[in-house]
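In: I'd like to go over a predicted model; first the sequence, then the structure.
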Amino acid sequence: MKRLPIGIQNIREIITGDYVYVDKTQFVYNLITDAKYYFLSRPRRFGKSLLLDTIGEVFLGNKELFKGLWIYNSGYDFEKHPVIRLDMSNIANKTSEVLEESIMSYLELCYNTEEFDIKDKIPSDAFRRLIVLLNKKYNKRVVVLIDEYDKPILDHIDNLETAEANRKAIKAVYGILKSMDPYLRFTFFTGVSKFTKTSMFSELNNLNDISMREDYANICGIPAESLDEYFGEHIKSLKEHKRFKDYGNLRDLILAWYDGYSWDGNTRLLNPFSLLNFFDHKKFYGFWYSSGTPKFLMEYIKRQPKEYTDFKGSKITEDMLDSVDIDKIMLGSMLFQTGYLTVKEIPPTMYAPIYIMDFPNYEVRDAFNLHILAALTDKDAEQTGRARMRIIDALEAGDLQTMLEIMRGLFASIPYNLQIEKEAYYHSIFYAVMNVLGFEIEAEVSVSKGRADAVVQAGGNVYVIEFKYEFCEPDADDEHKRKLFDKALKDGMEQINSREYHKKFIGSGKNIHKVAFALLGKDDIEMQVR
């Protein structure tokens with residue numbers, strides 16, 4: 001049984017150490033024999049660095065390393081070229097000045113390794129001259145591989161001044177590559193985000209973006225159909241483990257947890273980091289999510305909670321993905337690029353493709369929603385986890401009064417600086433709660449006469465829910481509050497009945513509960529059920 005290459009991004013170590021390697025060398029061959037300038041966007045820990053390392057070894061002419069892999073017998077000549085590998089995840093970027101100093105430090109190392117004298121003080125100038133010197137020394141065109149190109153920006157996306165300064169600094173470095181065309185054999189950028197070509201790659205107008213190309217959809221990640229081929233022995237071993245003896249179809253559970261990523265709406269990929277850690281730890285867990293969540297995503301959702309309820313099932317065009325600017329990031333696009341949403345479907349159309357988005361799998365959906373709820377309510381994951389179990393029991397038993405009390409506790413913990421006097425905010429909190437609980441919830445459900453705020457199905461129960469918010473002065477007396485509550489509850493229930501939100505569930509065999517929530521503020525919530 002082959003070893004698990006957890007955290008290993010070096011193809012030589014994987015091959016010589018007898019680790020599992022999902023063969024991507026046919027993609028490498030297609031890349032290096034087709035075009036010259038490439039860009040690929042994929043989520044973190046999805047195999048981008050290993051891909052670049054593989055490309056680097058091919059261009060270094062190390063043919064014997066690939067014996068037994070597709071490219072070995074492809075007819076490729078394995079001509080040796082000098083390779084520059086710039087990994088921006090290893091470059092300090094606290095400020096633009098630190099960023100430039102760190103890039104210069106790396107370039108100095110490259111100069112020293114090749115026994116060149118470094119004379120330049122500006123990173124772009126030093127980078128340009130390094131390419132020329134390597135071309136002259138080896139009489140071969142140079143290969144440039146830039147990994148995590150956008151990290152100096154994403155690390156500071158919640159500080160636009162620093163992010164913009166870093167963007168300008170790295171754009172100057174990347175921009176010299178167009179003028180170096182006569183000296184270059186191959187150039188490849190990888191990253192998480194797709195910042196606009198005008199803001200990052202205006203000079204590289206011939207950059208071939210393969211992020212959404214169908215023929216490169218599987219270039220990173222583990223295809224679901226290859227799971228048995230590469231990990232069959234590991235699955236068999238786990239079936240004999242005491243922890244998994246009572247499980248049903250283990251393979252289906254693995255797919256439910258870690259499969260589902262797609263860039264073409266057709267093929268499905270497993271997250272390699274999560275899958276490897278699952279086999280190593282022998283338990284289902286959100287390994288990828290717990291390895292680090294961009295802070296700016298949580299801060300963005302805290303500021304714009306309504307957008308959180310809208311992104312599931314959202315539609316994104318490729319133009320929208322290509323128009324990301326630092327100060328105009330769309331939540332749906334960024335969630336897709338960072339791996340929290342994936343392409344579920346691409347409906348046929350005569351126009352430009354439209355991508356329908358959703359969570360890729362249980363790992364991402366569960367962990368993401370749990371942390372969203374913790375962020376919105378200022379509770380930690382343990383507290384929200386306990387609330388989860390109590391609400392599950394209450395909803396499955398039809399005990400809405402208990403659920404109301406738990407919801408009151410969650411709403412009461414909303415930080416004061418997050419309060420928004422609109423029902424959409426509280427609707428968003430409720431949506432987060434239901435998603436965390438794993439219930440089937442539809443927000444803004446369309447029916448013939450309108451849209452219900454939410455529909456939750458739990459066991460044999462269906463809850464058709466309407467939220468109503470009434471503004472209430474903080475010092476209002478009980479009588480005034482009572483009048484506002486009565487009005488909101490009446491309006492909510494009348495809306496459910498008059499627009500017949502519940503009608504589509506008649507005959508389903510489930511118990512239908514019409515639920516109106518009245519909200520005057522985070523500490524004033526009542527409910528009516530019929």
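Out: Looks like it came in fine.

In: can you point me to the longest strand in this structure?
Out: strand 511-521 (DSSP state E).

In: name the helices or strands packed onto that one?
Out: Other helices and strands packing on strand 511-521, by 3 or more Cβ pairs under 8 Å, 6 or more residues apart in numbering; DSSP states H and E, are helix 400-412, helix 423-437, strand 461-469, helix 478-498, strand 524-529. All C-beta spots, glycine's among them, are computed from the backbone N, C-alpha and C.

In: swap the cut-off to 6 Å and go again
Out: strand 461-469, helix 478-498, strand 524-529 (3 or more Cβ pairs under 6 Å, 6 or more residues apart in numbering; DSSP states H and E).

In: Most tightly packed of the ones you listed?
Out: Of the helices and strands packed on strand 511-521, the one with the most neighbours on average (mean count of other Cβ atoms under 10 Å) is strand 461-469, at a mean of 22.

In: ok, residues contacting that one?
Out: 398, 423, 427, 452-456, 488, 491-492, 495-496, 501-502, 505, 510-519 (Cβ atoms under 6 Å, 6 or more residues apart in numbering).

In: next one: stretch 396-407
Out: A387, R390, I391, A394, A458, G459, N461, M527, V529.

In: any idea which of the residues you listed is closest to D475?
Out: Nearest to D475 among these, counting by Cβ to Cβ, is M527 at 24.2 Å.

In: nearest spatial neighbour of that closest one, skipping sequence neighbours?
Out: With Cβ to Cβ, 6 or more residues apart in numbering as the criterion, M527 has its nearest non-adjacent residue at 4.8 Å, and that residue is L404.

In: where's the one you found relative to N461, distance?
Out: Distance of L404 to N461, given as Cβ to Cβ, to the nearest Å: 15 Å.

In: And for A412?
Out: For A412, the distance to N461 (Cβ to Cβ) stands at 26 Å.

In: now K194
Out: K194 is 43 Å from N461, by Cβ to Cβ.

In: G68 too?
Out: 56 Å.

In: cool, and E225?
Out: For E225 relative to N461 (Cβ to Cβ), the value is 38 Å.

In: mean confidence score for stretch 490-498?
Out: Regarding stretch 490-498, the rounded mean pLDDT is 88.

In: of all the helices and strands packed on strand 511-521, which lies closest to T317?
Out: It is, among the helices and strands packed on strand 511-521 and with distance given as Cβ to Cβ, strand 461-469, at 30.9 Å.

In: what's the neighbour count on A169?
Out: 21 (other Cβ atoms under 10 Å).

In: list the contacts for it?
Out: Contacts of A169 by Cβ under 6 Å, 6+ apart are S96, L99, E100.

In: how about the strands of the stretch 1-150 of the chain, start to end?
Out: Taking DSSP state E, counting those that start in this stretch as the test, the strands found in the stretch 1-150 of the chain are 37-41, 83-87, 142-147.

In: Can you list the buried residues in the last one?
Out: Which is strand 142-147. Using 16 or more other Cβ atoms under 10 Å as the test for burial, strand 142-147 gives V142, V143, V144, L145, I146, D147.

In: would you turn the residues you listed into TSV with pLDDT and distance to K121?
Out: Shown next, in TSV, are these (pLDDT from 0 to 100; distance: Cβ to Cβ, whole Å):
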residue	pLDDT	distance to K121
V142	98	22
V143	98	26
V144	98	21
L145	98	25
I146	97	21
D147	97	25
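
In: Make TSV from these and add distance to E114 to it.
Out: Converted to TSV, those look like this (distance: Cβ to Cβ, whole Å):
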residue	distance to E114
V142	11
V143	14
V144	15
L145	17
I146	19
D147	20
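
In: Out of the strands of the stretch 1-150 of the chain, which is closest to D366?
Out: Closest of the strands of the stretch 1-150 of the chain to D366 is strand 37-41, at 24.7 Å (criterion: Cβ to Cβ).

In: So in that sheet, which strands flank that closest one, and in what orientation?
Out: Strands adjacent to strand 37-41 in the sheet, as given by DSSP bridges, are strand 184-191 (parallel), strand 208-209 (parallel).

In: Lowest average confidence across those strands, which one?
Out: strand 208-209 (a mean of 91).

In: what's it in contact with?
Out: A35, Y37, Y38, F39.

In: Can I have the buried ones of those as a PyMOL selection?
Out: In PyMOL, this line selects whichever of the contacts of strand 208-209 come out buried by 16+ other Cβ under 10 Å:
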select buried, resi 37+38+39
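
In: Closest to S179 out of the contacts of stretch 396-407?
Out: A387 (58.4 Å).

In: any idea which element the closest one lies in?
Out: helix 381-396 (DSSP states H and E).

In: lowest confidence element among the helices and strands of this structure?
Out: strand 440-447 (a mean of 48; mean pLDDT, DSSP states H and E).

In: Is the closest residue to N30 other than its chain neighbours in a helix, a strand, or coil?
Out: Excluding the flanking residues, the one nearest N30 by Cβ to Cβ, 6+ apart is D215, at 7.4 Å. Assigned state for D215: helix (three-state reduction, DSSP: H, G, I helix; E, B strand; the rest coil).

In: Tell me, how many residues neighbour D215?
Out: D215 has 11 neighbours, counted by other Cβ under 10 Å.

In: same thing with K242?
Out: 7.

In: residues contacting the residue nearest to the spatial centre of the chain?
Out: Of all residues in the chain, the one closest to the mean position by Cα atoms, centre = their mean is G339, 1.8 Å from it. Residues near G339 by Cβ under 6 Å, 6+ apart: P43.

In: again with I354
Out: K315, T317.

In: which non-adjacent residue is nearest L50?
Out: Here the residue nearest L50, using Cβ to Cβ, 6+ apart, is Q9, at 4.8 Å.

In: wait, isn't the one you found in contact with K48?
Out: No. Look at Q9 against K48 with Cβ atoms under 6 Å: they stay out of range, at 8.9 Å.

In: Which one's more surrounded, the two?
Out: The neighbour count for Q9 versus K48, taken as other Cβ under 10 Å, is higher for K48 (22 against 18).

In: Roughly how far does F27 sit from R141?
Out: Relative to R141, and taking Cβ to Cβ, F27 is found at 21 Å.

In: re the thing from before, what about burial for the contacts of strand 461-469, which qualify?
Out: 423, 427, 452-456, 488, 492, 495-496, 501-502, 505, 512-519.

In: mean confidence score for the helix or strand encompassing S333?
Out: If you go by DSSP H and E, S333 is part of helix 331-337. Averaging pLDDT along helix 331-337 yields 80.

In: which helices and strands does that helix pack with?
Out: Against helix 331-337 (3+ Cβ pairs under 6 Å, 6+ apart) you get no helix or strand.
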